[in-house]
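predicted model and sequence below, questions to follow.
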Amino acid sequence: MQTPVYLDNQATTPVDPRVFAAMRPLYETHFGNASSSTHRHGWYVEELVTLAREQVAELISAKPEEIIFTSGATESNNLALFGTCRAQLSRSPKQNTTVISASTEHRAVLDPLAKLKSDKCEIKLLAPNKDGLIEPEVLQAAVSPECTLVSLMLGNNEIGVINDIASLAAVCRENGSLLHCDAAQAAGKIPVDVKALGVDLLSISAHKLYGPKGIGALFVRASLPKSSIEPIMFGGGQEQGLRSGTLNSPAIVGFGEACRLAKIELEQEGKRLQLLATRLFESLSNSLGGVQLNGAQSNRLPGSLNLSFEGVESAELLGKLSPHLSLSSTSACSSGHGKGSHVLKALGLTEARQRSSIRIGIGRFNTEEDITFASEQIRSAVKELRQT
Ligand SMILES: *Cc1c(COP(=O)(O)O)cnc(C)c1O
C-alpha cells in the first residue's frame with residue numbers, strides 16, 4: 001500500500017491506465033486536427049473523435065449529436081447558464097427573466113449565476129431540506145412564467161446526496177422552463193439517462209470518472225430550438241458553433257474510453273464502493289461515538305461520505321492525517337479560499353458541526369486494505385485530538 005492513501009475522489013480521480021493507453025497514440029502518432037478535412041491525418045483523428053463522442057453519449061443515453069465537448073464541467077455550466085440566459089435576453093430584450101438554482105450547488109454554477117445577475121435577470125437560490133435535497137414542492141412554489149432556466153445538480157460533490165431530477169424536471173416542463181443539471185459528480189458513479197431525467201442540458205467532466213483533466217461535455221437536447229442557447233466562445237465554429245476551438249482530441253479519446261469503462265463497470269463498482277463506505281462509517285461510529293453522517297442517509301453517491309466528529313476541528317484532523325490520508329473538508333475549489341463549506345451551512349448544521357466535518361471519497365483504485373488503514377488512522381487521530 002502506498003501512503004498517503006488517496007480518499008479525495010470527489011476532487012478528482014486518477015486516470016485509469018486503460019484510459020491513458022487509449023490516449024497515448026494521439027500524442028505519439030495521431031496528432032492531426034480533427035477538423036482538417038483534406039488529408040488522412042485529419043480524417044483518422046476525426047474517426048477517433050466520432051467514436052469517443054458515441055461513447056460519451058452512450059454513458060448518459062444521449063445521441064452523439066447532443067454532445068458538445070468543452071474543457072470540463074465548469075465550462076459546460078458556464079455555457080449552459082450564460083448561453084441560455086443571453087439567448088433569452090436577446091430574443092426578448094424587453095422582458096425580465098429569472099433563473100432558479102440552489103444554495104448547495106457547486107461554485108461552477110453559483111459564480112456564473114452571480115455574474116448573470118442584473119436588472120434584467122433575477123437569480124433565486126432555493127434552500128435544501130435537512131437532507132441536502134431540493135424538494136419538487138419548493139421548486140414548484142418558486143417557479144413563475146419569467147423563469148426561463150432552472151439549474152440543479154444531480155449528485156452533490158460535498159455530501160454525496162442525489163437530487164430527484166426527474167420530479168424536478170416535471171415541474172420545469174409544466175412551467176415551460178429549461179432544466180440544466182450539473183452531473184459532474186454523478187456521471188460514471190450512478191446511472192445517468194438524460195431522457196429518464198428529463199433534462200434539457202447536462203454537464204459532465206472526464207476527470208471525475210477516471211479520465212483526463214481539461215475535458216468535459218455539455219449535453220444539449222437535440223429537440224431544443226437552436227435559438228435557446230448561444231455560444232460564449234467564438235472562432236472556428238466547432239461543435240455546431242457552440243464551442244469554437246480545435247478539439248482536444250487526445251483528451252476526447254480518453255474521455256470516450258473512460259465513459260465506455262464506466263458504463264460497463266458502474267454497477268459492480270458502485271456496489272463495491274458502497275460497501276467500503278458503509279464499512280468505514282460503521283467502524284468509525286462504533287469505535288468513536290459522536291460521529292454523524294451529513295446529508296441524506298440513503299440514496300447517496302457510492303463511496304461518498306461526509307462525516308462530523310464531535311469536538312474535533314476538521315482543519316486539525318486533516319493536518320494530522322495528511323501524512324497518511326489525502327482527504328478534504330470541502331470541495332477543492334472552496335478549500336483553497338479557506339472559507340467554510342457553503343453546502344454544510346445550507347444544511348443548517350451548527351457552526352461547530354460544520355467545522356468538525358470531513359469529506360471522504362472512495363474510488364475505483366481504493367482497496368479494502370486502504371479502508372481498514374483509513375479507519376485506524378482516523379480513529380487514532382480523532383481520539384488524540386479529543387484528548388487535547
Ligand atoms: C468537479 C465538479 C465541477 C467542475 O468540473 P471541472 O471539469 O473540474 O471544471 C462542477 N460541478 C461539480 C458538481 C463537480 O463535482
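Good, I have the coordinates.

isn't Lys63 right up against Ala222?
Yes: using C-beta atoms under 8 Å, Lys63 is in contact with Ala222, at 5.9 Å. To be clear about C-beta, it is placed using only N, CA and C from the backbone, and glycine gets the same treatment.

tally of neighbours for Leu218?
Counted with other C-beta atoms under 10 Å, residues neighbouring Leu218 total 26.

ranges for the strands of this structure?
Taking DSSP state E, the strands of the chain run over residues 5-6, 67-70, 97-102, 121-126, 147-151, 178-182, 201-205, 216-220, 291-293, 304-309, 325-326, 357-361.

do stretch 361-372 and the ligand meet at all?
No: using C-beta under 6 Å from any ligand atom, stretch 361-372 stays clear of the ligand, with a minimum separation of 10.2 Å.

I meant to write stretch 144-158 there.
Yes: Stretch 144-158 comes into contact with the ligand (C-beta under 6 Å from any ligand atom), by way of 153, 157.

now do stretch 99-107
Yes: Stretch 99-107 is in contact with the ligand by C-beta under 6 Å from any ligand atom, via His106.

average pLDDT for that stretch?
Here stretch 99-107 scores 97 as its mean pLDDT.

same check on stretch 16-31?
In this model, stretch 16-31 has an average pLDDT of 97.

buried ones in that stretch?
For stretch 16-31, burial by neighbour count (16 or more other C-beta atoms under 10 Å) applies to 16, 19, 22-23, 26, 30.

CA atoms only for that stretch, dumped as CSV, please.
Provided in CSV are the C-alpha atoms of stretch 16-31 (Å, rounded to 0.1, in the frame of the first residue of the first chain):
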residue,chain,number,x,y,z
ASP,A,16,-7.3,4.8,-15.4
PRO,A,17,-4.3,3.1,-17.1
ARG,A,18,-6.7,1.8,-19.8
VAL,A,19,-7.7,5.4,-20.5
PHE,A,20,-4.1,6.6,-20.7
ALA,A,21,-3.3,3.7,-23.1
ALA,A,22,-6.1,4.8,-25.4
MET,A,23,-4.8,8.4,-25.3
ARG,A,24,-1.1,7.7,-26.0
PRO,A,25,-1.3,7.1,-29.7
LEU,A,26,-2.8,10.6,-30.2
TYR,A,27,0.3,12.2,-28.6
GLU,A,28,2.7,9.8,-30.4
THR,A,29,1.4,9.4,-33.9
HIS,A,30,-2.2,10.6,-34.5
PHE,A,31,-1.6,14.3,-33.9
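
coming back round to it: tabulate the strands of the chain (TSV), appending distance to Leu81.
Output for the strands of the chain, formatted as TSV (distance: least, C-beta to C-beta, whole Å):
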stretch	distance to Leu81
strand 5-6	31
strand 67-70	13
strand 97-102	7
strand 121-126	10
strand 147-151	6
strand 178-182	7
strand 201-205	9
strand 216-220	11
strand 291-293	31
strand 304-309	25
strand 325-326	31
strand 357-361	25
